[in-house]
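> Need coordinates for the following:
(one chain, ligands or ions: 1)
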Amino acid sequence: MKFAIIDGDKVEATKGATGFCQSCGAEVIAKCGTQKIWHWAHKRKTDCDHWWESETEWHRRWKNNYSADWQEISLLDERTGEKHIADVRTVYDLIIEFQHSRIDPQERIKREKFYKNMIWVVDATRLKKDYPRFVKGKKNSFENQIFYKTDNPKIFRVDLIDWCFPLDWLESSVPVIFDFLGDGSLDDSDGLRNNLYCLFPQIGSDARVAEISRKVFIDTTTNGQWTLRVQKFMNDWIEQKKIQAQEWKEKENQVLKKQRTQNGYEFSRKLLAGKSPLKRERKRF
Ligand SMILES: [Zn+2]
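Residues are numbered from 1 along each chain as shown. Reported below is the predicted structural model:
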């Protein structure tokens, strides 16, 4: 953890310091070595938040985009007594979790249910294959028809979403932000790493991905606009799907009606010509 409680204040780790865990209250000691990022660790083995993963420079850089008051917030589900430390909680009750390690989809679902109004920010540089796969999908937008443009130039309809993003995240019920920049040391000749890619919760097999600048993401999550914009986007999209389904149904009905009219016309024509269309039908069997 980045913070411990000393004399009622949230304090960062410094050499030789001791403090208390803000979640379980147990004693923690500062770990200020050269290998891992400076952090606080429980003095004794404890069953404090098992969701917590050891932090990297990537975690810290992300968290530091937000006020220290919003970082590492201990949250309690009063119904179950379950307690977890959110990476960031804004004053608008939006939870932002930064995930570097792999997370099992079942575990992911548990966390989405616990935090509810949340966003995942995923370190998408952990596996080497993830970025080339994404670039291939995005670049071949016209040849392979994976990324389709929508009315909004920054939002794409993505077919074959599993060709673009890691499977574990595809069925998330909350927005997932893929960050391909990592620690910033990777080649970015295409200039694609600097943007973030937000996969919205899918509707059926329909997927939408937004290309967002880091600044817009940080600004809108900080000023409360994020949740409103996502809600509006999702509502409009659901509405659009309903209209589309209605249109398809109407088209289908028109085709059926046309077929029935044609069949009826054919039947009458044969009768008038003195041929029984029924006989022919019977012969067929
Ligand atoms: Zn603890």
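> Tell me how far Phe134 lies from Arg111.
Distance, Phe134 to Arg111, by C-beta to C-beta, to the nearest Å: 24 Å. For glycine as for every other residue, the C-beta is placed from the backbone atoms N, C-alpha and C.
> dump the residue contacts of Lys15.
Neighbouring residues of Lys15 by C-beta atoms under 8 Å, 6 or more residues apart in numbering: 30, 32.
> bridging residues for the residue nearest the centre of the chain?
For the chain, the residue sitting closest to the mean C-alpha position, by C-alpha atoms, centre = their mean, is Val176 at 1.9 Å. Beta-bridge pairing of Val176 under DSSP bridges involves Trp120, Leu199.
> And Phe147, what's its pLDDT?
On pLDDT, Phe147 comes in at 81.
> give me every residue that touches it.
Counting by C-beta under 8 Å, 6+ apart, Phe147 touches 137-138, 141, 156-158, 209.
> and the ion, which of the residues you listed reach it?
Filtering the contacts of Phe147 for proximity to the ion by C-beta under 5 Å from the ion leaves nothing.
> Minimum pLDDT in those, which residue is that?
By pLDDT, Ser141 ranks lowest within the contacts of Phe147, coming in at 54.
> other SSEs contacting whatever helix or strand Glu250 lives in?
Glu250 belongs to helix 225-272 when elements are defined using DSSP states H and E. Judged by 3 or more C-beta pairs under 8 Å, 6 or more residues apart in numbering; DSSP states H and E, the packing partners of helix 225-272 are helix 214-223, helix 277-284.
> That helix vs helix 214-223, what angle?
100 degrees (axes from the mean of the first three to the mean of the last three C-alpha atoms, to 10 degrees).
> what does the stretch 1-150 of the chain have sitting close to the ion?
For the stretch 1-150 of the chain, the contact set with the ion under C-beta under 5 Å from the ion comprises 21, 23-24, 48.
> make it 8 Å
The stretch 1-150 of the chain has residues 1, 21-26, 28, 42, 46, 48-49 near the ion, with proximity defined as C-beta under 8 Å from the ion.
> Mark which of these are part of helices, please.
Judged by DSSP state H, those include no members of helices.
> still on that earlier bit, per-residue confidence at the residue nearest to the centre of the chain?
In this model, Val176 carries a pLDDT of 98.
> did I read that right, Ile212 in a strand?
Yes: judged by DSSP: H, G, I helix; E, B strand; the rest coil, Ile212 forms part of a strand.
> right, and it touches Leu199 too?
No: Ile212 lies out of contact with Leu199 (C-beta atoms under 8 Å); the separation is 11.3 Å.
> So the two - more neighbours on which side?
Set Ile212 next to Leu199 and count neighbours by other C-beta atoms under 10 Å: Leu199 wins out with 23 against 18.
> Show the pLDDT at the more buried one.
Looking at Leu199, the pLDDT reads 97.
> who does the nearest residue to Ala68 once chain neighbours are set aside bridge with?
Nearest residue to Ala68, sequence neighbours excluded (C-beta to C-beta, 6 or more residues apart in numbering): Lys10, at 6.5 Å. With DSSP bridges as the criterion, Lys10 is bridged to Ile5.
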